[in-house]
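Asker: attaching a predicted model along with its sequence, questions to come.
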Amino acid sequence: MPDLILPGLIDIHTHLRVPGGEHKEDFATGTAAALAGGVTMVLAMPNTNPPLTTPAALEMALSEARRSARCDVGLYAGASPDDVQHLPALARSTVALKIYLNDTFGKLRIEDVPVLVECFKTWPREKIIAFHAEKQSVAVAIGLAAIYDRPIHIVHVSRREEIELIADAKGRGLPVTCEVSPHHLFLSQADLERLGPLGDMRPVLGTADDVAALWAHLNDTIDCVATDHAPHTIQEKRSATPPPGVPGLETSLPLMLSAVQDGRLTVERLTALLHDNPRRIFGLPEQPDTRVEVDMTPWAIPVGGWRTKCGWTPFAGLMAGGRVRRVVLRGKTMVENGEVLVPPGNGRVIGVSATEFTDFTADTD
Ligand code: NCD
Ligand code: ZN
């Protein structure tokens, strides 16, 4: 008997690198990592190469996801000043829009108010707009939500000032939700000396005070835990110009379970952060007959042995509170004793309107 049974987890923030970054990750390896971590549905970000800002680039990602995803995948459309006219077309086969207000890996970035306004006017109201917003950009994103009176979601919140601004916005009834990533909960600037470039990501690791603020808001202000799984090869991370980003799909639930073991988090709250709220906020479909069976024996996170193509973790040596024993998706066992059993192609692409792409949503079971 497993110690704990959870619903199939939903990770609303991953980078699966298709098209253009397949040497770092692809749908087959990224979704194997997801399943091994108890995640049965992932949303993949648009900062690919080319980015998912045009129907042609999106079609590349969609057809590859259909061919090789092992769990369910939804894609984000990207907003870019040159491609805003494509947003209505992109909306038909994506789950949400991503707007980058701050610099990160890749070139996607919006600085001009007219382009932001165009996004809010043309992106369908029923699909959420997610923001990479740091420091004062959080106020810009919240301001847009208030002006246009529509929900926004702020990704990977990492600083005290940001989570407190979001708490105030929520207190005033503004339609704002947010996520935090495990690296901002379990690592801080103090780990940088040890980790070097392996501890570099956007937003950067916070101070001990930032970390304390995130933990203090985990039971109210924070809606979701999302990995921001951002694989780069170890060679790239050790190069003279290391790209920011760390993998996280296989370690998110195990780390969060350590908070359950410590009494910092209830199983109910864990389930809300990793399943219920992501599903509600992004309007994601239910996965019937789906569950994750967990063994609650603590274990130390190893250096290697990962399914992600990048093969490393910034969390090696940290204690995890439990591990995934078995994953069942739509009645089919996908993971057993930590082994991913399911071949590529078993996942569904979600967020694609049935009238446009009936073949994309066909049952492959
Ligand atoms: C992400 C990546 O590598 O794509 N990197 C990161 O440091 N988080 C981009 C992002 O999510 O900002
Ligand atoms: Zn990201």
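Answerer: Arrived safely. Ligands and ions are numbered 1, 2, ... in the order given.
Asker: quick check: next helix or strand after the helix or strand Glu268 falls within?
Answerer: Taking DSSP states H and E as the criterion, Glu268 maps to helix 267-271. Moving toward the C-terminus from helix 267-271, the next helix or strand (DSSP H and E) is helix 277-282.
Asker: off-centre distance for that next one?
Answerer: Put simply, helix 277-282 sits 12 Å off its chain's centre (C-alpha atoms, centre = their mean, to the nearest Å).
Asker: from Lys127, how far off is Gly196?
Answerer: 39 Å (C-beta to C-beta, to the nearest Å). Where you see a C-beta, it was placed from the backbone N, CA and C, and this is true even at glycine.
Asker: with Phe120 instead?
Answerer: 12 Å.
Asker: over to Asp295?
Answerer: Taking C-beta to C-beta, one finds Asp295 at 37 Å from Lys127.
Asker: more crowded one of those two?
Answerer: It is Lys127, of Asp295 and Lys127, that has more neighbours when counted by other C-beta atoms under 10 Å, with 21 against 17.
Asker: could you look up the SS state of the spatially most central residue of the chain?
Answerer: By C-alpha atoms, centre = their mean, the mean C-alpha position of the chain lies nearest to His13, the distance being 1.4 Å. Using DSSP: H, G, I helix; E, B strand; the rest coil, the structure places His13 in strand.
Asker: surely it and Ile154 touch.
Answerer: No. Between His13 and Ile154 there is no contact under C-beta atoms under 8 Å: 11.1 Å.
Asker: so what sits against both of those two?
Answerer: Taking C-beta atoms under 8 Å, 6 or more residues apart in numbering as the contact rule, His13 and Ile154 both touch Glu179.
Asker: start and end of stretch 9-20, how far apart?
Answerer: Terminal residues of stretch 9-20 are spaced 27 Å apart (C-alpha to C-alpha, to the nearest Å).
Asker: rounded mean pLDDT for that stretch, please.
Answerer: On average, the pLDDT along stretch 9-20 is 98.
Asker: quick one: that stretch to chain centroid distance?
Answerer: 6 Å.
Asker: that one and ligand 1 in contact?
Answerer: Yes. Judged by C-beta under 6 Å from any ligand atom, stretch 9-20 and ligand 1 are in contact via His15.
Asker: same check on stretch 42-53?
Answerer: Yes. Stretch 42-53 is in contact with ligand 1 by C-beta under 6 Å from any ligand atom, via Asn47.
Asker: can you list the buried residues in that stretch?
Answerer: Buried residues in stretch 42-53, counted by 16 or more other C-beta atoms under 10 Å: 42-48, 50-53.
Asker: equivalent analysis for stretch 347-355, please.
Answerer: 347-352.
Asker: any idea how far ligand 1 is from Thr271?
Answerer: If you measure Thr271 against ligand 1 using C-beta to the nearest ligand atom, to the nearest Å, the figure is 25 Å.
Asker: check Phe120 too.
Answerer: 21 Å.
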